[in-house]
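Undergrad: Below is the sequence, then the predicted model.
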Amino acid sequence: MRLIIISLFALMMLLPLSCGDDDPPTSSGQADDVSNDDDDTASPADDDDADDDADDDAFEYNIYTHVIPEDKEAIATGDYEQPSHFYDAISVNSQYTHLLNFIVDPMMPPWRESLRTSGPLILYSDDLDVIVFSPMDHFYVSLIWFENGEIRYGLEGDLDSIPAGFTHRFIMVRGKGINATIKKWGDLLNEDRGRLRQDRYADPGLSYLGYWTDNGAYYYYNTEGDMNEQDTLFAVIDDAYSAGIPYRYMQLDSWWYFKDPGLFSPGGLIRWEPLPEMFPGGLVAFHNRLGLPLIAHNRWFSLQNDYLNDYDFILDEEMAFPLGRDIFDHFMDDGLNWGLSTYEQDWLMAQFWGVTHLRDGVDHAENWMRNMNDAAADHGMTIQLCMAGAAFLMDSLDLDAVTSIRTSIDYHINISKESYWPQFHTVNMLAWAIGVWPFKDNFQSAEKYGEAEALISSLSAGMVGPGDKIGEADAQLIRRTCREDGLLLKPDKPATPIDAMFLDHERPFITSTYSDRNDIGYRWTYLAAYNLMREHEDRSFFDIGWAYVSYGMKYTGNMFVFPDKVLDWHLDVYKDLGITEQMLLYNWRTGEAQVLEGVFDIPAMESLYDHAYYVLVPIFENGLALIGEYEKFVTLADKRFREIEPTANGVNLTLAGAPGEDITLRVYDTNAGAFLEDTVVAFDDNEEVVIIRR
C-alpha cells in the first residue's frame, strides 16, 4: 500500500456488577438527536461457571445479549457515527478517567480520546483498574463510544435494515492491569467459540525468515539496474544465500499484477495475474526456479476489472465488489499453481468505506470475509489481513484461515519512529488477545535504526521480513532472528507496552514479552526500551510532519503517552513486570550481567530512537542462570531449547537446530559472580544433547 492513498481513504470503578447479575444498572436515552426506538431485549449472561482460569478471582465479566424481534427497514441515518439503533447505555464509576480505543482506519491506530468505533473500548483508572467492552459478534455493524460517564453503544449509522430476530452480543470484562484484562477479554471471546489462538508457526510466513517487497522495501516498484522484476528477485536470493541469509519464502507486493493506472499511484485490480514484462515465463516458472513458497498481495477491484462478466459484482462509485465466493476460489486455484502459501488481502478499510453494501446490512461484511476465508481454507492456504480495522481483527475469531495481520502503518526507512513503534506494540495487545499474529511490516536492516527494527520484528512473535537492497543487508543482524535453516526464534507472545506506559510518565517507551518453560517452572523475560521524546533536539521537522501525514493529520501524541523529555530511566521489576523473585539482569547489547532484585536504572540514552534491550533470566536453585543463545534476540526460544533440566551443579539441555549449524550458549554463575566459559554447540543432526557444568 502507499501512504498517500491511505490519507485519501482515511478522511474518514464500574457500578457494582457481579458475574451473572440479572439486572445491571443501565440508563436509556437519546444521543445526538437520533431517536432511540429500542424495542429489543437485553440481558447479561450468567457466567458463574465460565471463568475457570487459575486467575478467576482477578476478573469479572458480563455478557449483554440484545434481540430485535421485528424487521427494521430504512433506518440509516446517513452518517456512520450516528447510530441507526441504540442499546441502553451502561454507567461506570468516575474512577475510570483514562480510555483507549482504536480509530476505524487502516491498522486500527490507538487513540486516547473517545471516538465512535467498532470496539474494543478500554477504560482504566490511575490504579489500573480496567474495563474492556466490545461486541462478541456482528463486529462490522457495532458502534461503541464513551460519553458523560457512560458506555454507549448500538448499530452504525449506514446500516439500513435489521432482520427480525437479530441477536447481538457484547461483553464487558473487568480486572486489574491493561495487558492482563485485554488478554482475559480475548480468552473469553476464544472460549465462546471453542477456539484456540493460531499457532505461532501456522504457515511458512510465520515460521521462517522471508524477503519482502512491500512499501518501504528497496524493491517496491523498483528493480536493480536494467533487470526486470523477476531477475531482480533471483539476484536478491542469490545475494542473500551468498551472505548466509536463509530466506525461506518471498512476498510479492502490489507491483506484479494488472491494475488501473490511477491518478497518484496504481489503482484498482484489473486482473490478478503477473505482468508479462515482469515475469516472462509466468509465476509458475518463477516459483519453480526460485524454489520458495510465495506470499502474494491483492487489493480492491477496479470498476473495469476483467472478472465482471464471469462473477457477480456490485459497482460502487470508486470500486467494484464481488458478492460471492467464486472469485476467491479462482484466486486460490491460481495461487496454488504459483506456489502460494499465504494470500495477503490489503486495502480492507478502503473497501469497507468505499463499498456502501459492506455497511448497509448486518452480515454483508461478514459474508465477504467468510467467502475469502473459506476459499483459502479449502485450498490449504492462509490469509494475512492488511489495512484492517479492529472489526476485521475481531471477526478473525470466526476465520480459521487468517493467521496474521498488519498492525503497523507502512514502514519507511529512518523516519519518525514515534509513528510506528508505539502504535504497533499497542495494537499487538489486541492481536495477541484475539489470537492472530501481528506483522510489523518489512524493514531494511541497513538503515540507521536497523537493529531496533529487527528486534521489534523478532519480539513480535509474528513474521520477520527484511527488504534490503542487494549487497546492503546486514546479514549478521538478520540472522539474530532465526536459526541457520531460517526457522524464526520467537517469544511466546508479541511484545506489548508495559502497563505503566498508559499513565503519564517521563520514561522511555518500554515493552516486554517472555519465553515460558512450564515444564520446569521458569520464565525468561525480554525487556526493550526505546528513546522516544517529543522535544529531542534531533527530532526533525520532517519527523514531526511525517507523523501527521501518516495518520491523516491526527496528532501522534494522542496515540500513546509521548513525553516531552525522558527523564525517568528506572524500572521496578515487581511493579512494572510482576516479577517477585531474584533474577539475573543481562544487558543484551553490552553483554554485562548483574543479579537483580527490585529496581534498576536503564542507562540514559542520548540519541533519539536509540534502544536498550535486556533479558531477565531466572536463577536456578543451583545458582546458575541460563542466558541461552545470547547472539539471538530471543535467547531461550522453544524452537531451540527442547528440554532444560537443572541439576545439582549444572544444566542438561536438548537442543534443536540445522545440521552443520554452530551456536554459542552463555551461562552465569551467581554463586561465583561470573560467567561460565561459553559453550559452543555444533549440530551434526537436528538435535544435540549438551551438558553444562560449573
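TA: Cool, the structure landed. Residues are numbered from 1 along each chain as shown.
Undergrad: Can you pull out the low-pLDDT segments for the protein?
TA: Within the chain, the segments meeting pLDDT under 70 span 1-56.
Undergrad: Give me the residue at the spatial middle of it.
TA: Pro438 (2.7 Å; Cα atoms, centre = their mean).
Undergrad: On the three-state scheme, that one is what?
TA: Reduced to three states with DSSP: H, G, I helix; E, B strand; the rest coil, the structure at Pro438 is strand.
Undergrad: cool, Glu366 as well?
TA: Under three-state DSSP, the three-state class of Glu366 is helix.
Undergrad: please renumber so the chain begins at 5
TA: Taking 5 as the first residue, the last one we looked at is Glu370.
Undergrad: related to what we said a few turns ago, run through the bridge partners of the residue nearest to the centre of the chain.
TA: Beta bridges link Pro442 to Ile409 when assigned by DSSP bridges.
Undergrad: from memory it sits against Thr407, does it?
TA: No: checked against Cβ atoms under 8 Å, the pair Pro442 and Thr407 is beyond contact range at 11.0 Å. For the C-beta atoms, the positions are set from N, CA and C on the backbone; glycine is no exception.
Undergrad: I figured Ser146 hits His172, correct?
TA: Yes: counting by Cβ under 8 Å, Ser146 does reach His172; the two are 7.5 Å apart.
Undergrad: Let me know the helix or strand that the residue nearest to Leu403 when sequence neighbours are not counted is in.
TA: Ranked by Cβ to Cβ, 6 or more residues apart in numbering and with sequence neighbours excluded, the top spatial neighbour of Leu403 is Asn377, at 4.1 Å. Element membership for Asn377, per DSSP states H and E: helix 368-382.
Undergrad: Contacts for that helix, please.
TA: Here helix 368-382 makes contact (Cβ atoms under 8 Å, 6 or more residues apart in numbering) with 142, 144-145, 325-326, 328-329, 332-333, 335-336, 347, 349, 356, 361-363, 386-387, 395-396, 399, 402-406.
Undergrad: Work out for me the element Val621 sits within.
TA: Secondary structure assigned from DSSP H and E places Val621 in strand 615-622.
Undergrad: remind me, longest strand of the protein?
TA: strand 170-180 (DSSP state E).
Undergrad: Mutual contacts of Ser146 and His172, please.
TA: Counting by Cβ under 8 Å, 6+ apart, the residues touching both Ser146 and His172 are 139, 159.
Undergrad: Leaving out chain neighbours, which residue sits closest to Glu117?
TA: Leaving aside its sequence neighbours, Glu117 sits nearest to Asn562 (Cβ to Cβ, 6+ apart; 5.9 Å).
Undergrad: a helix runs through Met505, doesn't it?
TA: Yes: assessed by three-state DSSP, Met505 belongs to a helix.
Undergrad: you'd agree it is up against Pro567?
TA: No: if you go by Cβ under 8 Å, Met505 and Pro567 don't touch, sitting 10.4 Å apart.
Undergrad: what's the overlap in contacts for those two?
TA: Going by Cβ under 8 Å, 6+ apart, residues that sit against Met505 and also against Pro567 are Arg511.
Undergrad: picking that back up, gap between the residue nearest to Leu403 and Asp576?
TA: Using Cβ to Cβ, to the nearest Å, Asn377 is found at 44 Å from Asp576.
Undergrad: again with Val288
TA: Distance from Val288 to Asp576, by Cβ to Cβ: 57 Å.
Undergrad: Over to Ala80?
TA: 52 Å.
Undergrad: Comparing these two, which residue is more hemmed in?
TA: The neighbour count for Ala80 versus Asp576, taken as other Cβ atoms under 10 Å, is higher for Ala80 (19 against 12).
Undergrad: thought that one was touching Glu160?
TA: No: using Cβ under 8 Å, Ala80 makes no contact with Glu160, being 9.2 Å away.
Undergrad: what sits in contact with each of those two?
TA: Common contacts of Ala80 and Glu160 (Cβ under 8 Å, 6+ apart): Ser88.
Undergrad: beta partners of Ala324?
TA: Here Ala324 sits in beta bridges with Phe305, Leu319, going by DSSP bridges.
Undergrad: residues in contact with it?
TA: For Ala324, the contacting residues are 272, 304-307, 309, 312, 317-318, by Cβ under 8 Å, 6+ apart.
Undergrad: same thing but at 6 Å, please
TA: Ala324 sits next to 305, 307, 309, 317 when contact means Cβ atoms under 6 Å, 6 or more residues apart in numbering.
Undergrad: out of these, what pair is the most spread apart?
TA: Maximum pairwise distance in the contacts of Ala324, criterion Cβ to Cβ, is 9.1 Å, between Leu307 and Phe317.
Undergrad: So which of the two has more stuff around it?
TA: Phe317 (19 against 15).
Undergrad: Which phi and psi values does that one adopt?
TA: Backbone torsions for Phe317, taken as degrees, to the nearest 10, come to phi -130, psi 150.
Undergrad: all strands for the stretch 5-154 of the chain, in order.
TA: Applying DSSP state E, counting those that start in this stretch to the stretch 5-154 of the chain gives strands spanning 45-49, 64-72, 76-77, 89-95, 102-106, 114-115, 125-128, 133-139, 146-151, 154-159.
Undergrad: With respect to Ala533, which of the ones you listed lies nearest?
TA: Closest of these to Ala533 is strand 114-115, at 19.1 Å (criterion: Cβ to Cβ).
Undergrad: other SSEs contacting the closest one?
TA: strand 102-106 (3 or more Cβ pairs under 6 Å, 6 or more residues apart in numbering; DSSP states H and E).
Undergrad: got the angle between the strand it packs on and strand 133-139?
TA: Strand 102-106 runs at 30 degrees relative to strand 133-139, counting by axes from the mean of the first three to the mean of the last three Cα atoms, to 10 degrees.
Undergrad: For strand 102-106, which helices and strands make contact with it?
TA: The elements that strand 102-106 packs onto, with contact taken as 3+ Cβ pairs under 6 Å, 6+ apart, are strand 114-115, strand 125-128.
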